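> just coords:
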């Protein structure tokens with residue numbers, strides 16, 4: 001898959017657990033886990049925005065395109 005999800009990297013940099021991010025963003029832990037492991041087929045812009053606000057980062061910090 002050419003799109004890499006670096007959610008776990010950003011969470012580690014911010015020292016934030018999956019439970020804490022789930023509470024801040026309002027998304028279930030299981031849905032965040034699917035996103036974190038790269039198994040998600042899509043992500044809503046509003047979800048990405050909420051994650052970026054919670055982690056104080058840019059979308060490009062979470063999503064990476066690899067050829």
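Yes, it's here. Quick caveat: nothing in here was measured; it's all calculated off a predicted structure. Numbers count the residues shown, from 1 in each chain.
> for this structure, what are the low-confidence residue spans?
Residue ranges of the chain with pLDDT under 70: 1.
> ranges for the strands of it?
Using DSSP state E, the strands found in the chain span residues 3-5, 63-65.
> please identify the deepest-packed of those.
Across these, averaging neighbours per residue (mean count of other Cβ atoms under 10 Å) puts strand 3-5 on top, at a mean of 14. For the C-beta atoms, the positions are set from N, CA and C on the backbone; glycine is no exception.
> thinking again about what came up before, mind putting the strands of the chain in a markdown table, distance to residue 46 included?
Formatted as a markdown table, these follow (distance: least, Cβ to Cβ, whole Å):
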| stretch | distance to residue 46 |
| --- | --- |
| strand 3-5 | 17 |
| strand 63-65 | 15 |
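> out of the ones you listed, which gets nearest to residue 28?
Proximity to residue 28, assessed across the strands of the chain by Cβ to Cβ, is greatest for strand 3-5 (16.7 Å).
> to residue 26, which of the strands of the chain lies closest?
The nearest among those, by Cβ to Cβ, is strand 3-5 at 18.9 Å.
> what is that closest one packed up against?
Counting contacts by 3 or more Cβ pairs under 8 Å, 6 or more residues apart in numbering; DSSP states H and E, strand 3-5 is packed against strand 63-65.
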